[in-house]
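*Asks:* build me a model from this:
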Amino acid sequence: MIVFGALTALWACETESVLARAAGHELTVDHVVEMLARENAMPNQADVVDALANLWVDYTLVAVSASEDPQFTTINLDALLQPQFNQEIINLYMNSVLRPDTAISEEDLRGMWEADPP
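*Replies:* So this is what the prediction gives:
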């Protein structure tokens, strides 16, 4: 949560909230927060945000270069990208349909743990 707080503070101080620019594209604080929120495996650290911004710049420059090269514009990437698209559709559907039906308080959870440890 430290990184989200730092990003929020940065956003509050700067009206544009742009972390990086490359080839006419901008990476904003909102985009980074959205990316980090979707990926639970990433630690909330400033160096992760820095690495993410650097990767974004690199990949943006590669994508712009590839889109301008006539040899790359004819490549069909559907077969490569379709599994990721399908997984995102499934995740969106599951998140819209499934709702948690059980809420366990911290005290109840601790009591269950102490009563029947692993």
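*Asks:* tell me who's in contact with residue 23.
*Replies:* Residues in contact with residue 23 (Cβ atoms under 8 Å, 6 or more residues apart in numbering) are 60, 61, 64. Where C-beta positions appear, they are placed from N, C-alpha and C, glycine not excepted.
*Asks:* quick one, phi/psi of it?
*Replies:* phi 50, psi 40 (degrees, to the nearest 10).
*Asks:* phi, psi for the spatially most central residue of the chain please.
*Replies:* What sits nearest the mean C-alpha location of the chain, by Cα atoms, centre = their mean, is residue 35, with 1.6 Å. Backbone geometry at residue 35, expressed as degrees, to the nearest 10, gives phi -60, psi -40.
*Asks:* repeat for the one 10 residues further on
*Replies:* The phi and psi torsions at residue 45 (degrees, to the nearest 10) take the values phi -130, psi 150.
*Asks:* any idea which element the closest residue in space to residue 73 that isn't next to it in sequence lies in?
*Replies:* Excluding the flanking residues, the one nearest residue 73 by Cβ to Cβ, 6 or more residues apart in numbering is residue 67, at 6.9 Å. Using DSSP states H and E, residue 67 maps to helix 46-68.
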